[in-house]
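J.: The amino acid sequence is not available; the structure is as follows:
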């Protein structure tokens with residue numbers, strides 16, 4: 001399974017985590033291929049200028065979350081050679 005990233009507030013419970021950000025990240029993770037990191041538009045916006053690269057995967061509905069969410073594949077920065 002790959003990973004899904006989305007920032008937001010969470011509720012820490014004795015045996016797990018809860019909250020809308022957890023549901024969104026989990027929904028994104030279910031779309032990821034093995035060894036792939038998918039992220040929400042919020043992650044893309046928050047990492048602007050970091051050198052991370054993102055490729056659009058289009059909009060997707062996420063179970064239990066209203067609307068269609070733009071999803072992006074995260075790539076490590078490529079090193080510049082001179």
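T.: On my side now, so go ahead. Model, not experiment: these values are computed from the prediction.
J.: and the longest helix for this structure?
T.: helix 20-31 (DSSP state H).
J.: Contacts for that helix next, please.
T.: Contact with helix 20-31 is made by 1-10, 38-40, 57, 60, 62-65, 69, 71, as judged by Cβ atoms under 8 Å, 6 or more residues apart in numbering. Backbone N, C-alpha and C define where each C-beta goes, glycine included.
J.: Just the buried residues of these.
T.: The neighbour count (16 or more other Cβ atoms under 10 Å) marks 4-6, 38-40, 57, 62, 69, 71 as buried among the contacts of helix 20-31.
J.: In CSV: these, plus secondary structure, pLDDT and distance to residue 51.
T.: Conversion of the buried ones among the contacts of helix 20-31 to CSV gives the following (DSSP: H, G, I helix; E, B strand; the rest coil; pLDDT from 0 to 100; distance: Cβ to Cβ, whole Å):
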residue, secondary structure, pLDDT, distance to residue 51
4, strand, 97, 21
5, strand, 96, 16
6, coil, 97, 20
38, strand, 98, 19
39, strand, 98, 15
40, strand, 98, 19
57, strand, 97, 20
62, strand, 95, 27
69, strand, 96, 24
71, strand, 98, 20
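J.: So which of those residues is the closest to residue 48?
T.: Closest approach between the buried ones among the contacts of helix 20-31 and residue 48, by Cβ to Cβ: residue 39, at 12.5 Å.
J.: Next, find the distance separating the closest one from residue 2.
T.: Distance, residue 39 to residue 2, using Cβ to Cβ, to the nearest Å: 11 Å.
J.: next one: residue 70
T.: For residue 70, the distance to residue 2 - Cβ to Cβ - is 17 Å.
J.: How about residue 25?
T.: Residue 25 is 12 Å from residue 2, by Cβ to Cβ.
J.: Then residue 66?
T.: Residue 66 is 24 Å from residue 2, by Cβ to Cβ.
J.: which ones are touching the residue nearest the centre of the chain?
T.: In the chain, the centroid-proximal residue (Cα atoms, centre = their mean) is residue 39; its distance is 2.1 Å. Going by Cβ under 8 Å, 6+ apart, residue 39 touches 4-6, 28, 54, 71-74.
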